[in-house]
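> Fold the stuff below for me.
(one chain, ligands or ions: 1)
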Amino acid sequence: MSNDPAVEIRGLVKRYGPKTAVDGLDLTVRRASVTAVLGPNGAGKTTTVETCEGYLRPDAGTVRVLGLDPITQAPALRPRIGVMLQSGGVYSGARAVEMLRHMASLYADPLDVPALVDRLGLGSCGRTPYRRLSGGQQQRLALAMAVVGRPELVFLDEPTAGLDPQARRATWDLVRELRADGVGVVLTTHHMDEAEQLADEVAIVDAGKVVAHGSPELLCRGGAENTLRFTGRPSLDLASLLKALPDGTQAAELTAGVYRVTGDVDPQMLATVASWCAQNGVMPDSLTVERHTLEDVFLELTGKELRA
Ligand SMILES: Nc1ncnc2c1ncn2[C@@H]1O[C@H](COP(=O)(O)OP(=O)(O)OP(=O)(O)O)[C@@H](O)[C@H]1O
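Prediction:
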């Protein structure tokens, strides 16, 4: 398999009239990995993904998908990618399984349609016209259509929005299998747990730019300091504790006997605090490490106000 990136975006700009939806965005997506694109409403995620899919022409910058230009080399690219749109993109009168079979027939080496129908729980609605499917069934059919051709790369726009927990799990399992089979997956989501569960890389987009990019672990470690809390007797001498800890660490007594230490919380810090407690005859009733979640990092980077 090629080591070239699955997607390479440099300086992408996309405007709708006076509105700049994407504003100089850079992003590289590796092959055989799952990249989650997160961002507030209107951040430019769908616009970016649709540019990669060849539905939108960039106003500036370059986009390469599997090494190809999605606009000028669309005929070569289309058979190699799978696309699941937010709106489904399926003819409304078509029956679910017929549609999927038709899609499969367009590819040289498609997945087994009955097995896929079974996987995604679409068996009972196989003869139902698309417009009569429930929202969740439409989502699952759109996902099946995106993957049936065994693409090298799939774009999934909010694949689990509105799905029940079972369908969500089935979708996650399918995404993990795609990655294991060497498929690159780019998904947009508003579910932080989905990104934490599935993504090898997370790109946080705000106001048309990538404001953070890395593994969920890296973002949670680097984006914000973590916290250690412990309880002991009131009025401990925190100045002496801070002397034992690295520069930049902070400590506070939140309420009588409840302490918070903020900084680079690692095993060494934990050991230092425990040893300081031992030297000072303090028996902590509790000692907990509070890690920042992806949601904390997301809110820190993109703010807490609602977007228009
Ligand atoms: N066809 C269009 N015409 C005019 N403005 C548009 C069009 N499509 C998107 N926009 C605007 O561009 C900006 C980015 O939209 P986009 O759909 O890419 O955001 P998003 O990050 O996918 O949002 P969401 O999370 O709500 O799906 C928004 O301000 C949106 O209103």
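> What is the longest helix of this protein by residue count?
For the chain, the helix reaching the highest residue count under DSSP state H is reported as helix 165-180.
> Tell me the buried residues in that one?
167-168, 170-172, 174-175, 178-179 (16 or more other C-beta atoms under 10 Å). Heads up, the C-betas are built off the backbone N, CA and C, glycines and all.
> now check the helix or strand hosting T28, is it near the ligand?
Under the criterion of DSSP states H and E, T28 resides in strand 19-29. Yes. Legend: contact between strand 19-29 and the ligand by C-beta under 6 Å from any ligand atom is shown at 19, 21.
> Pull out the buried positions in that strand.
For strand 19-29, by 16+ other C-beta under 10 Å, it's 21-23, 25, 27-29.
> For whatever helix or strand comes next after it, what is the distance to the chain centroid?
Counting by DSSP H and E, the next helix or strand C-terminal to strand 19-29 is strand 34-38. Chain-centre distance of strand 34-38: 3 Å, with C-alpha atoms, centre = their mean, to the nearest Å.
> now for whichever helix or strand comes after strand 34-38, which elements pack on it?
Scanning forward in sequence from strand 34-38 by DSSP H and E, the next helix or strand is helix 45-52. If you count contacts as 3 or more C-beta pairs under 8 Å, 6 or more residues apart in numbering; DSSP states H and E, helix 45-52 packs onto strand 7-16, strand 19-29, strand 34-38, strand 60-65, strand 153-157, strand 184-188.
> Looking at those, which is nearest to A104?
strand 153-157 (15.1 Å; C-beta to C-beta).
> okay, the strand holding T28 in CSV with CA atoms only?
Output in CSV follows, covering the C-alpha atoms of strand 19-29 (Å, rounded to 0.1, in the frame of the first residue of the first chain):
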residue,chain,number,x,y,z
LYS,A,19,-19.3,34.2,3.6
THR,A,20,-15.9,32.5,3.9
ALA,A,21,-16.8,29.0,5.0
VAL,A,22,-13.3,27.6,4.8
ASP,A,23,-10.5,29.9,5.4
GLY,A,24,-7.0,28.6,4.6
LEU,A,25,-7.5,25.1,6.0
ASP,A,26,-4.6,22.5,6.1
LEU,A,27,-5.2,18.9,6.8
THR,A,28,-3.4,15.6,6.1
VAL,A,29,-5.2,12.3,6.5
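> quick one: contacts of stretch 69-77?
Here stretch 69-77 makes contact (C-beta atoms under 8 Å, 6 or more residues apart in numbering) with 51-54, 57, 62-63, 65-66, 68.
> Contacts only, for S124.
Applying C-beta under 8 Å, 6+ apart, no residues qualify as near S124.
> Report the secondary structure state of it.
Here S124 takes the helix state, with states given by DSSP: H, G, I helix; E, B strand; the rest coil.
> This protein against the ligand: which residues are in contact?
16, 19, 21, 39, 41-47.
> and if we set it to 5 Å?
Selection of the chain residues close to the ligand by C-beta under 5 Å from any ligand atom yields 16, 21, 39, 41-47.
> Now the buried members of these.
Neighbour-count burial (16+ other C-beta under 10 Å) applied to the residues of the chain next to the ligand gives 21, 39, 43-47.
> with the residues you listed in mind, which one is nearest to A274?
G39 (40.0 Å).
> Leaving out chain neighbours, which residue sits closest to the closest one?
V205 (3.6 Å; C-beta to C-beta, 6 or more residues apart in numbering).
> picking up where we left off before, want to throw the residues of the chain next to the ligand into a markdown table with pLDDT and distance to M283?
Output for the residues of the chain next to the ligand, formatted as a markdown table (pLDDT from 0 to 100; distance: C-beta to C-beta, whole Å):
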| residue | pLDDT | distance to M283 |
| --- | --- | --- |
| Y16 | 96 | 62 |
| A21 | 97 | 57 |
| G39 | 94 | 46 |
| N41 | 92 | 49 |
| G42 | 93 | 52 |
| A43 | 95 | 48 |
| G44 | 96 | 53 |
| K45 | 95 | 50 |
| T46 | 93 | 54 |
| T47 | 96 | 57 |
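> partner residues bridging T188?
With DSSP bridges as the criterion, T188 is bridged to V37, D157.
> And R15, by the same measure?
T20.
> for V117, helix, strand, or coil?
V117 - assigned by three-state DSSP - is helix.
> Repeat that for the one 4 residues further on.
Taken by three-state DSSP, the conformation at G121 corresponds to coil.
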